[in-house]
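1. fold the following and give me the result.
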Amino acid sequence: MVFSRKAHIQNVIIWALVITKLYLYHLFIGRFGDYLQKPLAVLNKSINQQVIVELKAKRSYRGILEGYDPHMNIVLKNAEEVFEGNVIRKLESTIVRGDNIIYISP
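-> You can find the predicted model right below:
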């Protein structure tokens, strides 16, 4: 197989870009790897701490995260149910189904 000079230069440039991206990725992971965590690891660190759980339909809960499962069903204690910014009711304990959760803020 014979490559032209132009094709050779293009291949060298492509490989240089790939190597640069890999280097920058490893540099980033080395410096910021502690901040890149899996979602369940973040939840695990939030056990027994106040969290905000935003749900579909403008509903949310604020409470102390008591537990969770792999489906992100969560258990909150001393929770407040909030709808459009107003506290609707206070609950001693509640379970929130993971399918309804938009985000959880530790």
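2. and the helices in this structure?
-> 5-32, 39-45 (DSSP state H).
3. and residue 100, what pLDDT?
-> The model reports residue 100 with a pLDDT of 91.
4. oh, I was asking about residue 30
-> Per the predicted model, pLDDT is 59 at residue 30.
5. how about residue 17?
-> Model confidence at residue 17 (pLDDT) stands at 74.
6. before we move on, back to that, by mean pLDDT, show me the worst of the helices of the chain.
-> Among the helices of the chain, helix 5-32 scores lowest, with a mean of 70.
7. how does this structure divide into domains?
-> With domains defined by automatic domain parsing, the chain comprises 1-36, 39-105.
8. looking at these, which is buried most?
-> domain 39-105 (a mean of 14; mean count of other CB atoms under 10 Å). Yep, even glycine has a C-beta here, placed from its N, CA and C like the rest.
9. contact partners for the nearest residue to residue 64 once chain neighbours are set aside?
-> Spatial nearest neighbour of residue 64, chain neighbours left out: residue 77 (5.0 Å); criterion: CB to CB, 6 or more residues apart in numbering. Applying CB atoms under 8 Å, 6 or more residues apart in numbering to residue 77 gives the contacts 63-64, 66, 92-93.
10. again, but for residue 65
-> Per CB under 8 Å, 6+ apart, neighbours of residue 65: 43, 46-51, 74-76.
11. in strands only, show me those residues.
-> Using DSSP state E, the subset of the contacts of residue 65 located in strands is 50-51, 74-76.
12. tell me the bridge partners for the residue nearest to residue 64.
-> residue 64, residue 93 (DSSP bridges).
13. what's the separation between it and residue 53?
-> 13 Å (CB to CB, to the nearest Å).
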